[in-house]
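Engineer: Sequence first, predicted model second:
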Amino acid sequence: MHILHGRVALALHELSRRDGPALLLLHALFGSSADWGEAAATWPGAVFALDFAGHGESESVLGGAYCPEMLAGDADAALAHIGVAAIAGAGVGAYVALLLAGARRDRIPAALLLPGDGLAGGGPLPDFDREFPSFTVGARAPGECDPMVQALDRDVRPVEYAEPFARAAQRLLLVEDGTPRPPWWEAARHGPSATVIHTDVSAALQHLGATQITDH
C-alpha cells in the first residue's frame, strides 16, 4: 500500500496479519523493507515494513533534502495508519526509531535499535573538511536509492540532542556485539528505560515480541 507524507508517496508493506501487538520495521541507509527477510516471521502480531523516502518503492523528495527528522516524519505517517506499534530500526532506521520513540511515546511502547548503514551519520560534531560523495546526474545510489540520501550519512547527531529522546522513550532495546557504536548510541544506552542485549536480529525481535505480549 502507499501512504502520503506531505507530497511524497511512501510504500508501506504489510508482511503479516495476526492478532496481537503491531510492529513497524525501519530499514538502514540504502536499504528497503526487503532487507528484513523472514526476521520478523515469529512476531506475535501484524508486521509492517516501511520504505523511507528515496528508498525502495517510495518516491524521492524533490530537491533531495533528506535528514533523520524527515524520515521520522515518514515513520510517523506510517504509525498514523497502523496505530500503536513497537518499532525496530537498523542503521539510520535505529536513530529514527530513537527519535520517534521519544517523541511519540504514547504510540510506541518499545523500540529495538540495531546496527546497520547510516548508524553514525556524520558524528556528534560538524566535519567541515568532509567532502560530499559525487554522483552523476540520473545515477542511483547503492540499493537503487535517490543519490541524495547520502546526506543521511553526514548529518550531525549531537549527544545532547539524543539524550532527551532516550529519556522520554517508554522502552529501548539496543543490540550490541562488541563493535564500536556512535556517541548518540552511548547516550541512548544510558536512558532510564534502556536494556542492552547481545544477540542476532531474529532473536532480538523475539525478545521484543515477548515483552509486547507481556505488556499486551
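Structural biologist: Perfect, thanks for sending it. Remember, predicted model here, so these are calculated numbers, not experimental data.
Engineer: how many neighbours does L113 have?
Structural biologist: Close neighbours of L113, defined as other CB atoms under 10 Å, add up to 30. For every residue, glycine as well, the C-beta is placed using N, CA and C.
Engineer: Quickly note the distance from it to Y95.
Structural biologist: For L113, the distance to Y95 equals 8 Å [CB to CB, to the nearest Å].
Engineer: Between the two, which contacts overlap?
Structural biologist: G89 (CB atoms under 8 Å, 6 or more residues apart in numbering).
Engineer: quick one, helices of the chain?
Structural biologist: 68-82, 92-103, 159-168, 183-189, 201-215 (DSSP state H).
Engineer: Next, format those helices as TSV and append mean neighbour count and mean pLDDT.
Structural biologist: Shown next, in TSV, are these (neighbours: other CB atoms under 10 Å; pLDDT from 0 to 100):
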stretch	mean neighbour count	mean pLDDT
helix 68-82	20	96
helix 92-103	28	98
helix 159-168	17	97
helix 183-189	21	96
helix 201-215	17	82
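Engineer: just so I know, which of those helices lies nearest L12?
Structural biologist: Of all the helices of the chain, helix 68-82 sits nearest to L12, with 5.3 Å by CB to CB.
Engineer: okay, and for the chain, where does confidence drop off?
Structural biologist: 132-140, 213-216 (pLDDT under 70).
Engineer: which strand in it runs the most residues?
Structural biologist: strand 8-16 (DSSP state E).
Engineer: Nearest residue to the middle of this protein?
Structural biologist: In the chain, the residue lying closest to the centroid (CA atoms, centre = their mean) is G93, at 2.0 Å.
Engineer: how deep is the residue nearest to that one when sequence neighbours are not counted tucked in, by neighbour count?
Structural biologist: Spatial nearest neighbour of G93, chain neighbours left out: L26 (3.3 Å); criterion: CB to CB, 6 or more residues apart in numbering. L26 has 32 neighbouring residues, counting by other CB under 10 Å.
Engineer: ok, back up a step: just the buried residues of the longest strand of the chain, please?
Structural biologist: Within strand 8-16, the residues scored as buried using 16 or more other CB atoms under 10 Å are V8, L10, A11, L12, H13, L15.
Engineer: so what does that strand touch, helix or strand wise?
Structural biologist: Counting contacts by 3 or more CB pairs under 8 Å, 6 or more residues apart in numbering; DSSP states H and E, strand 8-16 packs against strand 2-5, strand 47-50, helix 68-82.
Engineer: Dump these into a markdown table; add distance to D106 as well.
Structural biologist: As requested, the helices and strands packed on strand 8-16 are arranged in a markdown table below (distance: least, CB to CB, whole Å):
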| stretch | distance to D106 |
| --- | --- |
| strand 2-5 | 20 |
| strand 47-50 | 18 |
| helix 68-82 | 10 |
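Engineer: Right, I'll call it a day here.
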